[in-house]
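A.B. asks: next come a sequence and a model predicted from it.
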Amino acid sequence: MRDFVCKKIKGIKPSGIRKLFDIASEMPDALSLGVGEPDFDTPWHIRDEGIYALQKGRTFYTGNAGLPELRVAICGYVKKKYGLDYDPKSETIVTVGGSEAIDLAFRATLNSGDEVVYPEPCFVSYAPCVLLADGVPVTIPLSSATNFKLTAEKLEAAITPRTKALLMSYPNNPTGAIMEKKDLEPIAEVVKKHDLLVITDEIYCELTYKGNHASIASLPGMQERTILINGFSKTYAMTGWRLGYALAPAEIMQYMVKIHQFGIMSAPTVSQYAAIDAIKNSDGDIEMMRESYNQRRRYLMAAFREMELPCFEPFGAFYVFPDISEFGMTSEEFCTKLLQEEKVAVVPGSAFGDCGDKYVRISYAYSLDALREAMKRLARFVKKLRGK
């Protein structure tokens, strides 16, 4: 019988995040600090709205692009946060998580052989999504020496005549790095010079600890060449509700909606009704969660200093990315040994790109008690590796 499997999907590596956590899930007393998921329950007022939607029988399809009132609420949020004006009807789509929005952005804009440049380390789905859209992923390796910030010089060096788009993700997963307005301005000038599209994944925009988040879409001349992606998972602790959105110029959005129409139909209806309430009534919840994450972030940075483990200070998302290069191991070797000897599961930095192999990703979307115990075990492990 012939091989019925697509060659393209065979060549794409599986996600490097899950392997160790599947092992840890069957290991008694193991502490897992790897999954990028808030440890807070979805706020009750949001859950209540979802329950009410079910009680009212709101279980039908919505329009392909999403509930009109939710799209209006999304545009109002972006206007309030960034001063950007989007048309809820022609420039907005509600998706099944931010991940679908990323996929739609690539499939609607890339022709075969088009290059997408992006900073690395980065979220694990970016390269596969580019490849599945017949594009060519081109990485821009970054390091803690520059706080994992993209520079105009590095971007310029990566651009070729086949470059069509720049993909950005700040606050960043896995590093926790941020890009402030002053960092984004020279990037925007390079983008305009080379007439590039920007796809900006801002799913962690509310989790910043050094002033307000800045979006590249808000800079002069950038909104008309930017696809802005966000969602509800991280900000509102709604990962399982599977809801995201994208904002883009109408001439691009019509094709994103077309792909979504054939592949998905519409995002979950109950989730959409709950999301309207999330946008309108969650300012206090967001502030509470952000302050709790910030407390954990500061604790981890102090713990790393105490064990003399180098780690640049992240000011976004809920991850730290300590440098383990002194131990002469690959990040996968380090993480495997840590799990075997101390029952702590963290993610190898190599899962986020080759330049991440000197690091490991630790999520602090866990309780302080869990983090304290994990840091005690990590400190003991580091001490053993140093022969002390």
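C.D. replies: It's in. From a predicted model like this one, the values you see are computed outputs, not experimental measurements.

A.B. asks: report whether the expected contact of Glu115 with Pro161 is present.
C.D. replies: No. Using CB atoms under 8 Å, Glu115 is not in contact with Pro161, being 9.1 Å away. Bear in mind the C-beta positions are built from the backbone N, C-alpha and C, glycine included.

A.B. asks: pLDDT score assigned to Ala303?
C.D. replies: Looking at Ala303, its pLDDT stands at 97.

A.B. asks: any idea how far it is from Thr175?
C.D. replies: Computed as CB to CB, to the nearest Å, the Ala303 to Thr175 distance reads 18 Å.

A.B. asks: show me the shaky parts of the stretch 151-300 of the chain.
C.D. replies: Nowhere does the stretch 151-300 of the chain drop to pLDDT under 70.

A.B. asks: can you pull the buried residues of the lengthiest helix in the chain?
C.D. replies: Scanning the chain for the longest helix, with DSSP state H as the assignment, gives helix 283-306. For helix 283-306, burial by neighbour count (16 or more other CB atoms under 10 Å) applies to 285-286, 289-290, 292-294, 296-297, 300-301, 303-304.

A.B. asks: repeat that for stretch 357-376.
C.D. replies: For stretch 357-376, burial by neighbour count (16+ other CB under 10 Å) applies to 357-366, 371, 373-375.

A.B. asks: just stretch 156-170 next, same as before
C.D. replies: 158-159, 163-170.

A.B. asks: now the two most distant members of the residues you listed.
C.D. replies: The most widely separated members of these are Lys164 and Tyr170, with 20.4 Å between them, by CB to CB.

A.B. asks: circling back: among the buried residues of helix 283-306, which one sits closest to Phe262?
C.D. replies: Distance to Phe262, by CB to CB, is smallest for Ile286 among those, at 34.6 Å.

A.B. asks: the closest one contacts Cys205, correct?
C.D. replies: No. Applying CB under 8 Å as the test, Ile286 and Cys205 come out as separate, 10.5 Å apart.

A.B. asks: which residues sit against stretch 48-67?
C.D. replies: Outside stretch 48-67, the residues that touch it by CB atoms under 8 Å, 6 or more residues apart in numbering are 71, 89, 92-94, 241, 245, 257, 260-261, 265-267, 269-274, 276-277.

A.B. asks: next, Tyr255: secondary structure please.
C.D. replies: With DSSP: H, G, I helix; E, B strand; the rest coil as the basis, the three-state label of Tyr255 is helix.

A.B. asks: show me what contacts it?
C.D. replies: The neighbours of Tyr255, taking CB under 8 Å, 6+ apart as the test, are 108-109.

A.B. asks: gap between it and Ala177?
C.D. replies: Counting by CB to CB, the gap from Tyr255 to Ala177 is 31 Å.

A.B. asks: do Leu368 as well
C.D. replies: Relative to Ala177, Leu368 is positioned 23 Å away (criterion: CB to CB).

A.B. asks: one more: Tyr170?
C.D. replies: Counting by CB to CB, the gap from Tyr170 to Ala177 is 7 Å.

A.B. asks: now Pro28
C.D. replies: In this structure, Pro28 and Ala177 are 35 Å apart, going by CB to CB.

A.B. asks: more neighbours: those two, which one.
C.D. replies: Between Pro28 and Ala177, counted using other CB atoms under 10 Å, Ala177 has the larger neighbour count: 28 against 5.
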